[in-house]
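Asker: Quick one, structure for this:
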Amino acid sequence: MSYVFLFILLMPVKLFNKLFYKPTGKTLIIQTAKIGDFVNMTPLLAWCGKSDVLISSVIAPLAQRDNTIDTLYFIEQKKQSLAAKLRFAVYLMNRYEHVYLLQPNSVNLFFAATCNAPDKQFLSIYTRRWYHGIFYATAKGVVEHTKMSLTVTNYLKLADRSLTWQDAPKHATRPLYQPATHAPEFDLTGAVKIGLSISAGNKAKTIPPATWSLIFDKLASMPCVYYIFGANNEQPWLDDLMRHAEGKPNLVNMIGKIDLEDVPWAISQMDCYIASDSGNVYIADAVGTPVVLLYGPCCPHEQRPLGNVLLIGDDSNIKSFVFETRYYFDKPREELFALSESDLDAIENFVAGCTTDEHHSRYSHS
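Answerer: Down below sits the predicted model:
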């Protein structure tokens, strides 16, 4: 509610500035969530050609390597104090002609609503608050998003209602950033390189060691090497996995060893990527690496990889959504990520197919 009061406070300034508004042709896109959500907004970035973006500073290493972005604003800086919020709101007022709001929380709605852009398109979500109505009243158009509609498509519809996810590709960096040097582990030949994310940043959505052990056992007949991707704080998850994994599969620990801007290239070197709903799954999808997604409690109808992907899960377990994330469930992780024999067979066949497909030519286009 505090942002409603701030908006009312700024209304006289907004209306006065509107008298002097002139078309700028500039576009602002607002999406302040984390890695996967950034990658899923890149089709809209690509469609728009050049845009300014309001994002989380966590995404900076990727966004700074994106030639579809002109100016970066970081939400952490812009909301750190009342003075910062007011200064940024006034700064935005007459600067843009198009404003696309992808993550409509209170602070983002406030900044979008203060803009005098003639074309403002807001996503309306299932967690919308009643007092957000004052912000939505400033929009020219609204795209209604449900738990069963695809985020990527609805993001694109903000720019053009006729668009779908098939009309613009994803990217993680554009063009794909090539690091000057890389770890020698990526030069390994004669192996099936499989990338793994063993943590989803949410314990309840993290695949348990017992499930990984089943996968390792099923793929034991292949010369698999598993590259473990993650931030420094994910090392305890790997330690836990190693305590439980029998036979100790061939693991390459890359946790904390790769800068975020280098991760898309590193994942592009994999033959396959296996994970639950995590940022790296969407990076893998964006760089053309085949994905096995164990979606557990997350809704794949709303957000999922869209390229060469194998979806594994039970829809009866779906309880977590993009704009309504849950951290506790009525079933243990071992049940949410349980694998049947047919699931394991599907994973084995999918991974075997990845070693012979065109991905071996390696992703090289932007």
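Asker: quick one, strands of the stretch 201-350 of the chain?
Answerer: For the stretch 201-350 of the chain, the strands defined by DSSP state E, counting those that start in this stretch occupy 224-229, 251-253, 272-275, 291-294, 309-312.
Asker: Columns mean pLDDT, distance to Thr151 and mean neighbour count on top of these, output as TSV?
Answerer: To be clear about C-beta, it is placed using only N, CA and C from the backbone, and glycine gets the same treatment. TSV is the format used below for the strands of the stretch 201-350 of the chain (pLDDT from 0 to 100; distance: least, CB to CB, whole Å; neighbours: other CB atoms under 10 Å):
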stretch	mean pLDDT	distance to Thr151	mean neighbour count
strand 224-229	96	23	22
strand 251-253	93	32	17
strand 272-275	97	18	26
strand 291-294	98	15	25
strand 309-312	98	15	19
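Asker: among those, which is nearest Asp239?
Answerer: Closest approach to Asp239 among those is made by strand 251-253 (10.2 Å; CB to CB).
Asker: Give me the distance from that closest one to the chain's centre.
Answerer: The chain centroid and the centroid of strand 251-253 are separated by 24 Å under CA atoms, centre = their mean, to the nearest Å.
Asker: If you count contacts, what does that strand end up packed against?
Answerer: strand 224-229, helix 235-244 (3 or more CB pairs under 8 Å, 6 or more residues apart in numbering; DSSP states H and E).
Asker: between the longest one and strand 224-229, how big is the angle?
Answerer: Taking axes from the mean of the first three to the mean of the last three CA atoms, to 10 degrees, one finds that helix 235-244 is oriented at 150 degrees with respect to strand 224-229.
Asker: Mind giving me the packing neighbours of helix 235-244?
Answerer: So helix 235-244, by 3+ CB pairs under 8 Å, 6+ apart, packs with helix 209-218, strand 251-253.
Asker: before we move on, the earlier item: okay, the strands of the stretch 201-350 of the chain in a markdown table with distance to Met41 next?
Answerer: Shown next, in a markdown table, are the strands of the stretch 201-350 of the chain (distance: least, CB to CB, whole Å):
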| stretch | distance to Met41 |
| --- | --- |
| strand 224-229 | 21 |
| strand 251-253 | 31 |
| strand 272-275 | 20 |
| strand 291-294 | 19 |
| strand 309-312 | 19 |
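Asker: Other residues contacting the top helix by length along the chain?
Answerer: Identified as the longest helix of the chain according to DSSP state H is helix 2-18. Identification of contacts with helix 2-18 by CB atoms under 8 Å, 6 or more residues apart in numbering yields 82, 85-86, 89-90, 93-94, 106-107, 109-110, 113-114, 116, 131, 134-135.
Asker: What remains of those if I keep only buried residues?
Answerer: Applying 16 or more other CB atoms under 10 Å to these, the neighbour count classes 85, 89, 93-94, 106-107, 109-110, 113-114, 116, 134-135 as buried.
Asker: Out of the helices and strands packed on strand 251-253, which is closest to Ala63?
Answerer: Here strand 224-229 is closest among those (CB to CB), at 19.4 Å.
Asker: Reformat the buried ones among the contacts of helix 2-18 as CSV; add pLDDT and distance to Pro175.
Answerer: Formatted as CSV, the buried ones among the contacts of helix 2-18 follow (pLDDT from 0 to 100; distance: CB to CB, whole Å):
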residue, pLDDT, distance to Pro175
Lys85, 97, 35
Ala89, 98, 34
Met93, 98, 34
Asn94, 98, 33
Ser106, 97, 36
Val107, 98, 32
Leu109, 98, 33
Phe110, 98, 35
Ala113, 98, 35
Thr114, 98, 34
Asn116, 98, 35
Ile134, 97, 42
Phe135, 98, 36
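Asker: So which of these is the closest to Gln64?
Answerer: Nearest to Gln64 among these, with distances taken as CB to CB, is Val107, at 22.7 Å.
Asker: Excluding chain neighbours, give the residue nearest to Pro118 in space.
Answerer: Glu97 (6.5 Å; CB to CB, 6 or more residues apart in numbering).
Asker: Restricting to C-alpha, output stretch 276-290 in PDB.
Answerer: The C-alpha trace of stretch 276-290 is given here as PDB (Å, rounded to 0.1, in the frame of the first residue of the first chain):
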ATOM      1  CA  SER A 276      14.900 -29.200 -11.700                       C
ATOM      2  CA  ASP A 277      13.400 -25.800 -12.400                       C
ATOM      3  CA  SER A 278      16.500 -23.600 -12.100                       C
ATOM      4  CA  GLY A 279      18.200 -20.700 -13.900                       C
ATOM      5  CA  ASN A 280      20.700 -22.900 -15.600                       C
ATOM      6  CA  VAL A 281      18.000 -25.000 -17.200                       C
ATOM      7  CA  TYR A 282      16.800 -21.900 -19.100                       C
ATOM      8  CA  ILE A 283      20.400 -21.000 -20.000                       C
ATOM      9  CA  ALA A 284      20.800 -24.500 -21.400                       C
ATOM     10  CA  ASP A 285      17.600 -24.100 -23.400                       C
ATOM     11  CA  ALA A 286      18.800 -20.700 -24.800                       C
ATOM     12  CA  VAL A 287      22.200 -22.100 -26.000                       C
ATOM     13  CA  GLY A 288      20.700 -25.100 -27.700                       C
ATOM     14  CA  THR A 289      21.700 -27.800 -25.200                       C
ATOM     15  CA  PRO A 290      19.100 -30.500 -24.800                       C
END
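Asker: Buried residues in stretch 346-359, which are they?
Answerer: Neighbour-count burial for stretch 346-359 [16+ other CB under 10 Å]: 346-348, 350-351, 354-355, 359.
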